[in-house]
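S.K.: Provided below for reference: sequence and predicted model.
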Amino acid sequence: MNPENLMEMAQDIVRRAGAAGASDAECTISEGDEFGVNVRMREVESLKEAGSRGAGLRILIGKRTGSSYTSDLSLEGIERLVRSAIELADITTEDPHAGLPEPEELGKIEGDLGLYRPSVADLETAFKIEAARRTEEAALTADPRISNSEGASFDSNLGRHVFVNSRGFAGEYRSSYCSLSTSPVARDGESMERDYWYTMARDFAGLEPAESVGRTAAMRAVRRLKPVKLETRKVPVVFEPRTARSLLDNIFEAVHGMSIYRHESFLAGKLGEKVAHEDVTVIDDGTLPGLFGTSPFDDEGVPSRRTVVIEHGVLRNYLLNTYAARKLGMKTTGNAARGLAGNAGIGHGNFFLEKGVQTPEQILKGIRDGFYVTELMGFGVNIVTGDYSRGAVGLWIRDGELAFPVSEVTIAGNLRDMLMGIEAVGGDLEFRGSMAAPTLKIGEMTVGGK
Amino acid sequence: MEFSESVFATRFGITRHDLEGYLSEALSHGGDYADLYFEYLQTSSISIDESMVKSAAQGVSMGVGVRVIAGERTGYAYSDDLAPEKIRKAARVAAYIAGGPSKVEKFDLSEGRRHNLYPVVTAPTETAFSERVELVKRADRAARAWDSRIFQVQAMYADNLRQVMVATSEGVLTVDRQPLARMSVWALARQGEGAPQRGHAGGGGRVELGYFLNEKTPEHFAAEAAREAVTMLDAVEAPAGEMTVVLGPGWPGILLHEAVGHGLEADFNRKGVSAFSGRVGQKVASELCTVIDDGTIGGRRGSLNVDDEGQPTQKNVLIENGVLRGYLQDKLSSRLLRSESTGSGRRESYAHIPMPRMTNTFMLAGESDPAEIIRSVPKGLYCANFGGGQVDITSGNFVFSASESYWIEDGKLTRPVRNATLIGNGPEALKYVSMVGSDLKLDEGIGICGKEGQSVPVGVGIPTIKIDRMTVGGTA
């Protein structure tokens, strides 16, 4: 067997599992080459380059499962991988809902989804260092108050993903990624603040120019200087796209099939009900060419697809893998996701809130006193109850304009009310990663301060 | 354990001569320093959900990371294949950042000093699973039996054995076997048709299975998780605004981790981007506060015989009677700052560059009676347990979220309060500490600290303390 042929290797592992007594088996092999360089204060600070691979196996013996993984793809390593998974089936419990997808559910999107641009592999090291250097330089020279920096990075990754199961599915795809980011530090007297900005794409040509990334990061850091801590009050809160995205993360967790069947989500049992303002439509789409949430098939070998999660405020679908679907008496939505080891979990494709028609300026216009959130901190979101309380940084909105920076405050509410209270949806939707939202305005939240 | 008994010598046949050769290759383009970090990690995990053991997994990963330092530059490469030609290739890639003739000619590796803080355990993947399965089943039964309002329980047991070897161009060779085990229990409670509430508890350390059979049993964690879930059923809305906050002992020590710990990591201070930069010798807390980071406590989750740069860990005083004493140093920062490593260089795995990190961070006990501290508060918030926290080291602002807290009214704990985030500023927050209890407690062993994409296990601890002023982020 050729060790470079990962598909053959995965098929061999599945066959060996069958021979060792598994009634079903699924094998994932991932391979990746990473590169990263960080330039700080105009000098290379660190440079990292390496490749790695690993295999994961999940087997079923009847309705019992076992899993294993290894980074040792020698014959000895593979024999041990199979043995390890098989022996674990002895200690797990028969679960009537365990099992692979039905054969008719398996499949993949054919054709080029634009996930892989081989040109990323051809970039010269000196060129990548220079891109990071230009990004930081743009930040350092954008404003005299930019006094320091945590540096700028160029990162790239080339990956290969193989999935094979014992019901005849065999799929493989490659992906590429590169990004530029920088984190400048601004200073004015005693006040010191940092912020960051970044761009990511499938190839270098798809990135925003280094200069624009640097300038945006600098502007964001500078506008935070000399912040005010306010008195506690209830006001309208506007989330810029970068922070609005985190609300999508909360919605994703709340429609996650595993949380639904366990009743550990405030959206459990709410299908068909109004859960958000009628201007809110949330989509999961794993088929959009080139984007970072796109794939031809999910991690159980089911084709990726478009699922409407919330339609004009009404909850239409949960996101499911085969297991959660069976528990709920539904069909998988092709959202299985897994690392190398363990049962499939649930992930998302391109998960986004559909854009509205207002510009961010129009949304701000109508607000006399409000809070524009540019950064959120901490983990104060409880998906079971919907309770929401997070640290926040941003700008105060006065008479429709961004007036002065605010920090060391919290914003709090309940996600139930917050989703219903999304009064305005911006037209500024753009994908920076697999989750995206435009500017959003929530009618009222508690801003906690002095 | 000696090098000759390590898995790297016995299974992979690596010799001292090989290691010296790899280090020479790494410094072939110059550079001030090089090191090799070999890792062989065996893991296992078992989880129960709906009283069914639905998942069991085990696996192995291995690799070597090669680092070259030249001035402020770091070159890094790794390989998950321990074949000599792959390691040499990684060494050449790591050498890219250096330029010039090799400075270090010859190495004579000798074995370095290390502590003996944890038991030598058999790898989880080489021991029987039956006893470990029983742990999650016991947790499931105990949580359900604790109260009839508990309707969902999940429990997880995970353990691993990390075998490491560090060889440095300073001539030091260190090997270590680092066990780590953890149990977690989540319970959901519901009363009638009301909304569910969740409780969580967990713990462990660098311990053997026996720890969970004799010291902290599945029943202990199950009862804690169930109690928290049931308690929260009656919780009222959290308040918003500044008030007196009392932190209970143990895990609330995460305050120290966020408020001061990260800000004192030397990399941020060397670069001048921390709110604590240049403040050594200044008063940053009330004089009741002495904060320690100690990697040498036996069996603790954050403890290490040697750090991930082969340096023995130590007990570091961060703040003494309110005065900032020092930073947490790794090799790079200590070279550049011309001081000593504090044994604080840590990394997530062979694929990661080490940096200064915390181990077990806690505040020394004071003299106040914990009950007296609560009695002294006419109106405030008592926080018994927390979820995670986060800090912006540049502005110094930090948050952490209270998962179990109570109103203090007229010196007594009254109603439980729903989840709320607390927010403060690192160099300021501890100045408002007005009472420190005599009841220092370390957490149960569940902390995971994330920094620049790398996760490492840590511990925290604190006695009961009273903070006169802190912002609570509720809605009421």
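M.R.: Received, thanks. This structure is a prediction, so every number in the text was calculated from the model and none was measured.
S.K.: Around chain B, pick out the residues from the stretch 1-150 of chain A.
M.R.: Residues of the stretch 1-150 of chain A lying close to chain B by Cβ under 8 Å from any Cβ of the partner chain are A:40, A:43-54, A:56, A:65-72, A:77, A:80-81, A:84, A:87-88, A:90-95, A:98, A:125, A:148, A:150. C-betas here are computed from N, CA, C, even on glycine.
S.K.: So among those, which ones count as buried?
M.R.: A:40, A:44-54, A:56, A:65-72, A:80-81, A:84, A:87-88, A:91-93, A:95, A:98, A:148, A:150 (16 or more other Cβ atoms under 10 Å in any protein chain shown).
S.K.: ok, the residue in chain A positioned nearest to chain B to A:Phe379 distance?
M.R.: With Cβ to the nearest Cβ, the shortest gap between chain A and chain B falls at A:Thr410, namely 2.5 Å. Distance, A:Thr410 to A:Phe379, using Cβ to Cβ, to the nearest Å: 13 Å.
S.K.: the more surrounded of those two?
M.R.: A:Thr410 (33 against 19; other Cβ atoms under 10 Å in any protein chain shown).
S.K.: next one: phi and psi at the more buried one?
M.R.: The phi/psi pair for A:Thr410 (degrees, to the nearest 10) reads phi -120, psi 160.
S.K.: hang on, isn't it packed against A:Met445?
M.R.: No - A:Thr410 lies out of contact with A:Met445 (Cβ atoms under 8 Å); the separation is 9.7 Å.
S.K.: B:Ser4 belongs to a helix?
M.R.: Yes - looking at B:Ser4 with DSSP: H, G, I helix; E, B strand; the rest coil, it is inside a helix.
S.K.: Could you tell me how many residues sit around the nearest residue to it once chain neighbours are set aside?
M.R.: Spatial nearest neighbour of B:Ser4, chain neighbours left out: B:Thr10 (7.9 Å); criterion: Cβ to Cβ, 6 or more residues apart in numbering or on different chains. Counted by other Cβ under 10 Å, the residues lying close to B:Thr10 total 10.
S.K.: Also B:Glu2?
M.R.: B:Glu2 has 9 nearby residues by other Cβ under 10 Å.
S.K.: Repeat that for A:Asp369.
M.R.: By other Cβ under 10 Å, neighbour count at A:Asp369 equals 12.
S.K.: That one: what's it in contact with?
M.R.: A:Val235, A:Pro236, A:Trp396, A:Ile397, A:Arg398 (Cβ atoms under 8 Å, 6 or more residues apart in numbering or on different chains).
S.K.: and the last one, how far is that from A:Gly370?
M.R.: For A:Arg398, the distance to A:Gly370 equals 8 Å [Cβ to Cβ].
S.K.: try the third one
M.R.: Using Cβ to Cβ, one obtains 8 Å as the distance from A:Trp396 to A:Gly370.
S.K.: Then the first one?
M.R.: As defined by Cβ to Cβ, A:Val235 lies at a distance of 5 Å from A:Gly370.
S.K.: what about the helices in the chain?
M.R.: In the absence of a named chain, chain A is used. A:6-19, A:75-88, A:125-140, A:210-222, A:241-254, A:257-261, A:322-328, A:360-365, A:415-420 (DSSP state H).
S.K.: hm, I was asking about chain B
M.R.: Counting by DSSP H, the segments of chain B that form helices are B:7-10, B:16-26, B:84-94, B:130-146, B:210-214, B:218-232, B:254-256, B:266-270, B:331-336, B:370-375, B:426-429.
S.K.: distance of the residue lying farthest from the centre of chain B from B:Gly30?
M.R.: Within chain B, the residue lying farthest from the chain centre (Cα atoms, centre = their mean) is B:Pro101, at 39.9 Å. B:Pro101 sits 6 Å away from B:Gly30, going by Cβ to Cβ.
S.K.: which ones are touching A:Asp284?
M.R.: A:Gly293, A:Arg306, A:Thr307, A:Val309, A:Leu319, A:Thr333, A:Asn335, A:His348, A:Gly349, A:Asn350, A:Phe351.
S.K.: Using PyMOL, define a selection of the buried residues within those residues.
M.R.: To isolate in PyMOL the members of the contacts of A:Asp284 that are buried, counting by 16+ other Cβ under 10 Å, one can use:
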select buried, chain A and resi 293+307+309+319+333+335+348+349+350+351
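S.K.: Put together TSV for the contacts of A:Asp284, with pLDDT and distance to chain B on each row.
M.R.: As requested, the contacts of A:Asp284 are arranged in TSV below (pLDDT from 0 to 100; distance: Cβ to the nearest Cβ, whole Å):
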residue	pLDDT	distance to chain B
A:Gly293	98	20
A:Arg306	98	30
A:Thr307	98	24
A:Val309	98	22
A:Leu319	98	18
A:Thr333	98	20
A:Asn335	98	18
A:His348	98	20
A:Gly349	98	23
A:Asn350	98	23
A:Phe351	98	22
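S.K.: how about the contacts of A:Asp284 in CSV, adding distance to B:Lys283?
M.R.: CSV is the format used below for the contacts of A:Asp284 (distance: Cβ to Cβ, whole Å):
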residue, distance to B:Lys283
A:Gly293, 50
A:Arg306, 59
A:Thr307, 56
A:Val309, 52
A:Leu319, 52
A:Thr333, 57
A:Asn335, 53
A:His348, 48
A:Gly349, 53
A:Asn350, 51
A:Phe351, 48
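S.K.: from the contacts of A:Asp284, which single one is nearest A:Asn414?
M.R.: A:Val309 (19.4 Å; Cβ to Cβ).
S.K.: ok, the closest one touching A:Thr333?
M.R.: No - in this structure, A:Val309 is not within contact of A:Thr333 by Cβ under 8 Å, at 9.2 Å.
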